[in-house]
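> 3D, please:
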Amino acid sequence: MSQRITPVILAAGYGKRMKSTLPKVLHPLAGLPIIHHILRAVRVVTTEPPVVVIGHGADQVRQAIGDGVRFAYQAEQLGTAHALKMAEPLLVGQTDLILVVTGDMPLLTPTTFRRLIALQATNSGPLSLVTLINENSYGFGRILRGPNGQVQGIVEEAQATPEQLAIRELNASVYCFRADWIWDALRRVPLSPKGEYYLTDVVGIAAQDGLNVQALVLEDPQEALGINTRAHLAEAEAIMRQRIISAWMDQGVTFVDPSSTYIEVDVKIGMDTVIYPFTSLRGKTQIGENCRIGPFTLLQDVTVGENCHLVGCALQNQQISPGTSIFPSQGTLFVGSADSRQSLSAISATEDLSPHYE
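Numbers count the residues shown, from 1 in each chain. Modelled structure (predicted):
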């Protein structure tokens, strides 16, 4: 019988450093709320509906996520171990493996999750975790290993000694637990001096019991970027944009200047299309083959047929017929094929066409 694998996303935190009334996990990234990127990635590799642990802004998060997930509520933010415990009533006896990730890590890929699950499937012990090697600690906990190289525990940066601070293997806060072990282990997690229960402590509990803990070292440390500030959000946006553009170039799309092109994750582009500088493609925009888009063009939820040429325009919720050219002339967009042209009301480039999440 195949194993039942359930993802749990910890998304109850306040996110004070974002300086926003919007819950951190709902800030938009490449056209989607942060948490939607994580949900998409975990759904590819798990068998059961995700569980999302919510707290701060719970109603907003519920509304933004919608159907297809189960919610557990953490009334008091008492740490990550406490957050995972909130999922116990939904999952006890209902799954074999539990994949745990925090809701502010949108750059993790299905490939990484798949490798972690495969590692735990062959692990004699109760858990496997993701680590990274990096000179910049990002405030992450340090991985403690014994003389034989086995993972012995995790020490949080605030509690680390100078020797431990020199360790460059860091905890990425991504775990795969054996479900028949984790719930009792969570009850053994001590209260920290800050009044919280840390999920990292279950690693030391397993090691103390002589149980094997496996570690998957990330090939790309950028995947472990957690978003806690607006600067982190901008950094993640740049990485995501590079991924998206690289993927479309592999599919036969030309970007004249990728650094000046903004493209969201649900955009579709046909082969042999050229995207010129200062072009922004948003929402569910679809562009056919052999088009020329830009420069200075913004498309939001626009469907563009093949062999079109769009320059210097801002369009929203439009359907552009194949063979159409659109270019600015004295404040009006002229639309036409080789046989005819007709005037189309221009959409002001200053109009807010960005996606809104309520």
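> Any regions of the stretch 1-150 of the chain where pLDDT drops low?
1 (pLDDT under 70).
> pull the longest helix from this structure.
helix 230-250 (DSSP state H).
> how about the strands of the stretch 101-250 of the chain, start to end?
127-133, 142-145, 151-155, 169-178, 213-217 (DSSP state E, counting those that start in this stretch).
> okay, the angle between the fourth one and strand 127-133?
In terms of direction (axes from the mean of the first three to the mean of the last three Cα atoms, to 10 degrees), strand 169-178 departs from strand 127-133 by 160 degrees.
> helices or strands next to strand 169-178 in the packing?
Here strand 169-178 touches strand 97-102, helix 110-121, strand 127-133, strand 142-145, going by 3 or more Cβ pairs under 8 Å, 6 or more residues apart in numbering; DSSP states H and E. Backbone N, C-alpha and C define where each C-beta goes, glycine included.
> Deepest-packed of the ones you listed, please.
strand 97-102 (a mean of 24; mean count of other Cβ atoms under 10 Å).
> Contacts for that one next, please.
Strand 97-102 is contacted from outside by 3-11, 13, 38, 42, 45-46, 80, 84, 87, 91, 108, 113, 116-117, 120-121, 173-179, 182, 199, 226, using Cβ atoms under 8 Å, 6 or more residues apart in numbering.
> Got a quick ChimeraX command for the buried subset of the residues you listed?
Paste this into ChimeraX to select the buried members of those, with burial taken from 16 or more other Cβ atoms under 10 Å:
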select :5,6,7,8,9,10,11,13,38,42,45,46,80,84,87,91,108,113,116,117,120,173,174,175,176,177,178,179,182,199,226
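> Could I get the contacting residues of the closest residue to P258 other than its chain neighbours?
Leaving aside its chain neighbours, P258 sits nearest to I245 (4.8 Å; criterion: Cβ to Cβ, 6 or more residues apart in numbering). Contacts for I245 (Cβ under 8 Å, 6+ apart) come out as 255, 258, 261, 263.
> Now for I154: which residues touch it?
141-144, 171, 200-201, 203-204.
> and with 7 Å instead?
141-144, 171, 200, 203 (Cβ atoms under 7 Å, 6 or more residues apart in numbering).
> Could I get the average pLDDT for the helix or strand just after the longest helix of the chain?
Moving toward the C-terminus from helix 230-250, the next helix or strand (DSSP states H and E) is strand 254-255. Mean pLDDT, computed over strand 254-255, is 98.
> so what secondary structure elements neighbour strand 254-255?
strand 274-275 (3 or more Cβ pairs under 7 Å, 6 or more residues apart in numbering; DSSP states H and E).
> Relative to T131, how far out is M18?
Separation of M18 from T131 (Cβ to Cβ, to the nearest Å) stands at 26 Å.
> Next, count neighbours for G204.
Neighbour count for G204, taken as other Cβ atoms under 10 Å: 19.
> wait, doesn't it sit right on G153?
Yes. Look at G204 against G153 with Cβ atoms under 7 Å: they come within range, at 3.6 Å.
> rewinding a little: can you say which of the strands of the stretch 101-250 of the chain is nearest to P50?
strand 169-178 (14.3 Å; Cβ to Cβ).
> Give me the angle between that closest one and strand 213-217.
130 degrees.
> How about the residue nearest the centre of the chain, nearest residue that isn't a chain neighbour?
In the chain, the centroid-proximal residue (Cα atoms, centre = their mean) is P106; its distance is 1.6 Å. Excluding the flanking residues, the one nearest P106 by Cβ to Cβ, 6+ apart is H37, at 3.6 Å.
> number of nearby residues for the one you found?
For H37, using other Cβ under 10 Å, the count is 22.
> ok, it to M240 distance?
H37 is 8 Å from M240, by Cβ to Cβ.
> what do those two both touch?
Contacts common to H37 and M240, judged by Cβ under 7 Å, 6+ apart, are L29.
> quick revisit: helix or strand for the residue nearest to P106, which one?
Here H37 is assigned to helix 34-45, by DSSP H and E.
> what about that helix, distance to the chain center?
7 Å (Cα atoms, centre = their mean, to the nearest Å).
> Make 59 the starting number, not 1.
Fine by me, first position is 59 from now on; the one you just mentioned is helix 92-103.
> list the contacts for I201?
189, 209, 212, 225, 227-229, 273.
> residues touching the closest residue to E322 other than its chain neighbours, list them.
Distances taken as Cβ to Cβ, 6+ apart place G89 nearest to E322, at 2.9 Å, with adjacent residues excluded. Shown in contact with G89 (Cβ under 7 Å, 6+ apart): 322-324, 340-341, 413.
> again, only this time at 10 Å
95, 298, 302, 320-325, 339-343, 358, 412-413 (Cβ atoms under 10 Å, 6 or more residues apart in numbering).
> Same question for R98.
90, 164, 168, 323.
> and what of V275?
V275 touches 188-191, 201, 227, 230, counting by Cβ under 10 Å, 6+ apart.
> repeat that for 7 Å
V275 sits in contact with 189-191, where contact means Cβ under 7 Å, 6+ apart.
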